[in-house]
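Enquirer: below: sequence and its predicted model.
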Protein chains: 2
Amino acid sequence: MRDIGVGLLGLGVVGSEVAHVLLDRAERLSEQVGASVALRRVLVRDPNKPRPHPFPQELLTTNPDDIFDDPSTDIVIELVGGEQPALDFMRRAISANKHVVTANKEVIAKNGYRLLSLAAQHSVDLRYEASVCSGIPVLSPLQQDLAANEISTIRAIVNGTTNFILTKMAKEDLPYEDALRLAQELGYAEPDPANDVEGIDALYKLAILASLGFHTPVRPSDVYREGITSLDPKDFTYAHELGYAVKLLAIARQRGDALEARVHPALTPLDNQLATVDGVFNAVQIEGDLVGTLVFYGRGAGGGPTSSTVVADVLTVARHIAMGGIIRPRMELNRRIPVMPMADIMTRYYFRLSVADQPGVLAQIGRVLGEHEVSISAVIQKELDPEAQTAQVVILTHPSREHSVQSAVAELEALPLINRVSALIRVEH
Amino acid sequence: MRDIGVGLLGLGVVGSEVAHVLLDRAERLSEQVGASVALRRVLVRDPNKPRPHPFPQELLTTNPDDIFDDPSTDIVIELVGGEQPALDFMRRAISANKHVVTANKEVIAKNGYRLLSLAAQHSVDLRYEASVCSGIPVLSPLQQDLAANEISTIRAIVNGTTNFILTKMAKEDLPYEDALRLAQELGYAEPDPANDVEGIDALYKLAILASLGFHTPVRPSDVYREGITSLDPKDFTYAHELGYAVKLLAIARQRGDALEARVHPALTPLDNQLATVDGVFNAVQIEGDLVGTLVFYGRGAGGGPTSSTVVADVLTVARHIAMGGIIRPRMELNRRIPVMPMADIMTRYYFRLSVADQPGVLAQIGRVLGEHEVSISAVIQKELDPEAQTAQVVILTHPSREHSVQSAVAELEALPLINRVSALIRVEH
């Protein structure tokens, strides 16, 4: 049979690695597919930019039409990143009856459902395994290997940058700003780190995971989001004493007829495998009714891991082409489950208050929490500061409603004996 | 399109669960496939045996021909277990142009390559994801998601029974016999536990993992095997002091032009994720040149997890049938890499000697090891027994050749001042 042609959009860190793997391992990859897989053209902005791998200059083009209008290109790999022009590129590729492989979480989280519909109309595949936790196979297991299960919970550490920062804060007692600076120096965080540290990247990934896990379109705007920028290393110490690590978790959970979908720092029990995920590593924990608890662990970013997955997706599509099957993209989002408002979430809470060192403070706190039906599981008084006459009080609650906790916190902050509520972190069991 | 017919061989713990899922979730599963998936007949030995789930009696048959000769049966699920008649059943099903899904590690480890060839001749699929770590998707990721990688190492805890026993020995200081009895009482170990505790089950699984990971047929007889029956809780304590857990590991590793393939107890560094896998859980750690280290963790046995995977394999085949593709089973064992003899393995070793409490013993040990080019990384003297005038000496070596270590141990045991070498455990970094 004829060669299977591949066009590549973007030759950055990941694109270069993908091109290198496709060229360097062409023979072995073709053996696996049962047909030759050939990289035809690569779209770049600047053909003269130096590349990390030696690259045949004649493959480069600055004109997207060279890829979309080429009848010998069967598969288009989108590694431009960001929303536009990546989304337009994918639409054009699909409309030209080309299969698409992408690592673009933003486009898939925001437009995946529409793109999959378009792909179905054109009988082409759209694969995006690398969009979530790059190197770790998790979307394919969710869709294929766990297909017989009803999924109850997905809990995940999906952002390596924040996990690196949190690990440094926990293990080396660094303040957030110092840990961030270290991450930036090591190239783990961008000069503008907002996308990672504000949880936006994690939110896109959770929207994709939750959509596939619960067979319902979960939009990024449905997901509650809270970043890590206001965390204090003090709370890592107190949390550890209570038996928890602090992690930025992406959580999706079936609750009756609705879904929880939220990204925020969370106290994670030390005996949960997620608590042991350190540094830039990612892990996804999935609970299914047949399979029980599964954990997938590995590198969630970088040229190597991402190219591993992107090339695997290309090989899967190529194999389907070689087998002559009719391609039908997986689009089993055939349920409509609403995401519940954050105010209705029930979970446990950790909070820390700076209070005046005077009698009656704990009684006041207890009264306010009780009035809001927030019941206390543990209270620890910490660090009396004799000069300022203040103490730190750490409280762990029983499962309580988010709305009640927020109201109680607002009321506590208004009390004269309470200086401020310095930390409010949800607990994830 | 017409229904996709499924025949089931065996209605034990897993078979009952698979049948229950296929019947109970028929509508949802069919939605996912895009065609109706119907359980047609179930082969049993005794149709009148009580079953854990209510079961339509008219589906039961004691005659295998009712399944193999039925033209409306497209997929045969083999859950009879053991080598025969399971192997014959699979051959008959494939020869009748039926796709086969199985959880049978013994048949796949011993005959997988030939069965896959037969399946290729008949253009049918043969899927066996559940044969290794049942509920954990690992064969499909190895073959599909990691296809672009060169795998360097596979290290795994693939037997829940032995991991349960080792966990009890480590955490509760139980002798092996007591931990085994507990596992038997809880139903985790068979009345005759040899298959698990001697490492036979793990060996089959490693042969399958290594074959797929390194694209070469690894036969069960190629794999070195050592069980857990002679382990002493003492060594768990000493190992922990040195920074290690004791686990039954299945290890396959590319070493130059050859493969290591071995199953044996191993000292596993406490900061390796495998060291934290406790109880009946399984985990597979894979290192690829692009992806780095991946870990897959979950339940490796039981009706729920196994049925999760068996039904998923059925759905994948059904989807391929519904898509109208030509099925070609994955059989990329196109390399021929020899497994190196165990005597040539290079690794670190832990051993414990009971020695006479007399001057010069350590010097003698050092001399013997030195003469065999086994260099010592750490020596710890333990537990002087004043009455017996003996001491325990624990030695950790630098990487050494298995052959040299075994010769040194034999020579040490012949020394008058050394009572015996009580433990010899390999270290896996």
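Expert: Received, thanks.
Enquirer: gap between residue A:51 and residue A:302?
Expert: 17 Å (Cβ to Cβ, to the nearest Å). C-betas here are computed from N, CA, C, even on glycine.
Enquirer: counting neighbours, go ahead and name the busier of the two.
Expert: Neighbour comparison, residue A:51 and residue A:302: the larger count goes to residue A:302, with 21 against 16 (by other Cβ atoms under 10 Å in any protein chain shown).
Enquirer: the more buried one reaches residue A:133, doesn't it?
Expert: No: using Cβ atoms under 8 Å, residue A:302 makes no contact with residue A:133, being 11.3 Å away.
Enquirer: which element is the residue nearest to residue A:244 when sequence neighbours are not counted on?
Expert: Residue nearest to residue A:244 in three dimensions, not counting chain neighbours: residue A:267, with 3.9 Å by Cβ to Cβ, 6 or more residues apart in numbering or on different chains. For residue A:267, the host element (DSSP states H and E) is strand A:258-269.
Enquirer: after that strand, which helix or strand is next?
Expert: strand A:281-288.
Enquirer: would you map the helices across chain A?
Expert: A:13-24, A:26-33, A:65-68, A:86-95, A:105-121, A:139-140, A:160-172, A:176-185, A:194-197, A:200-214, A:233-241, A:303-323, A:361-371, A:402-414 (DSSP state H).
Enquirer: so which of those helices comes closest to residue B:318?
Expert: Closest to residue B:318 of the helices of chain A, according to Cβ to Cβ: helix A:303-323, at 15.6 Å.
Enquirer: enumerate the residues of the stretch 1-150 of chain A near chain B.
Expert: Selection of the stretch 1-150 of chain A residues close to chain B by Cβ under 8 Å from any Cβ of the partner chain yields A:17, A:21, A:25, A:29, A:31-32, A:34, A:129, A:135-137, A:140-141, A:144-149.
Enquirer: chain B contacts on the stretch 251-400 of chain A?
Expert: Residues of the stretch 251-400 of chain A lying close to chain B by Cβ under 8 Å from any Cβ are A:273, A:276, A:288-299, A:304-305, A:307-309, A:311-312, A:315-316, A:320, A:323-328, A:332, A:334.
Enquirer: and the buried ones among those, selectable in PyMOL?
Expert: Here is the PyMOL command that picks out the buried ones among these, judged by 16 or more other Cβ atoms under 10 Å in any protein chain shown:
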select buried, chain A and resi 273+276+288+290+291+292+293+294+295+296+297+298+299+304+305+307+308+309+311+312+315+316+320+323+325+327+328+332
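Enquirer: buried residues in the helix or strand of chain A with the lowest mean pLDDT, which are they?
Expert: In chain A, the helix or strand scored least confidently by mean pLDDT, DSSP states H and E is strand A:376-385, which has a mean of 85. For strand A:376-385, burial by neighbour count (16+ other Cβ under 10 Å) applies to no residue.
Enquirer: ok, and what's touching that strand?
Expert: A:238, A:241-242, A:348, A:357, A:362, A:366, A:369, A:390-398 (Cβ atoms under 8 Å, 6 or more residues apart in numbering or on different chains).
Enquirer: just the buried ones among those residues, please.
Expert: Buried, going by 16+ other Cβ under 10 Å: A:238, A:242, A:348, A:362, A:369, A:390-397, out of the contacts of strand A:376-385.
Enquirer: of these, which is the nearest to residue A:110?
Expert: Of these, the one sitting nearest to residue A:110 (Cβ to Cβ) turns out to be residue A:348, at 32.2 Å.
Enquirer: any idea how far that closest one is from residue B:157?
Expert: Separation of residue A:348 from residue B:157 (Cβ to Cβ) stands at 32 Å.
Enquirer: please apply the same query to residue A:142.
Expert: 23 Å.
Enquirer: what's the answer for residue A:17, then?
Expert: In terms of Cβ to Cβ, residue A:17 sits 31 Å off from residue B:157.
Enquirer: show me the shaky parts of the stretch 301-429 of chain A.
Expert: The model of the stretch 301-429 of chain A has pLDDT under 70 over residues A:325-331.
Enquirer: before we move on, back to that, just the buried subset of the residues of the stretch 1-150 of chain A next to chain B, written out for ChimeraX, thanks.
Expert: Those of those that count as buried under 16+ other Cβ under 10 Å are selected in ChimeraX with:
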select /A:17,21,25,29,32,129,135,136,137,140,141,144,145,146,147,148,149
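Enquirer: thought residue A:206 was touching residue A:263?
Expert: Yes: with contact defined as Cβ under 8 Å, residue A:206 reaches residue A:263; the gap is 5.7 Å.
Enquirer: what about these two, which has more around it?
Expert: Between residue A:206 and residue A:263, counted using other Cβ under 10 Å, the more crowded position is residue A:206 (32 against 29).
Enquirer: per-residue confidence at residue A:158?
Expert: Predicted confidence (pLDDT) at residue A:158: the value is 98.
Enquirer: skipping adjacent residues, who's closest to residue A:67 in space?
Expert: That would be residue A:7: by Cβ to Cβ, 6+ apart, it lies 3.7 Å from residue A:67.
Enquirer: what about that neighbour, how many neighbours?
Expert: 25.
Enquirer: that one touches residue A:69, doesn't it?
Expert: No: checked against Cβ under 8 Å, the pair residue A:7 and residue A:69 is beyond contact range at 10.4 Å.
Enquirer: tell me how chain A divides into domains.
Expert: A:4-134+A:303-323, A:144-299, A:342-427 (automatic domain parsing).
Enquirer: dump those to a markdown table, plus distance to residue B:114.
Expert: Below are the domains of chain A laid out as a markdown table (distance: least, Cβ to Cβ, whole Å):
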| stretch | distance to residue B:114 |
| --- | --- |
| domain A:4-134+A:303-323 | 20 |
| domain A:144-299 | 26 |
| domain A:342-427 | 54 |
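Enquirer: quick one: closest of those to residue B:56.
Expert: domain A:144-299 (19.6 Å).
Enquirer: distance between the ends of the closest one?
Expert: Across domain A:144-299, the terminal residues are separated by 21 Å (Cα to Cα, to the nearest Å).
Enquirer: list the contacts of residue A:136.
Expert: A:282-284, A:296-300, A:305, B:294.
Enquirer: same thing but 7 Å
Expert: The contact partners of residue A:136, taken as Cβ atoms under 7 Å, 6 or more residues apart in numbering or on different chains, are A:282, A:284, A:296, A:298, A:300, B:294.
Enquirer: and for residue A:162?
Expert: A:196-197, A:228, A:248.
Enquirer: gap between it and chain B?
Expert: With distances taken as Cβ to the nearest Cβ, to the nearest Å, residue A:162 is found 19 Å from chain B.
Enquirer: tell me what the closest residue to that residue other than its chain neighbours is bridged to.
Expert: For residue A:162, ignoring the flanking residues on the chain, the nearest one in space by Cβ to Cβ, 6+ apart is residue A:248 at 4.5 Å. Beta-bridge pairing for residue A:248 (DSSP bridges): residue A:265.
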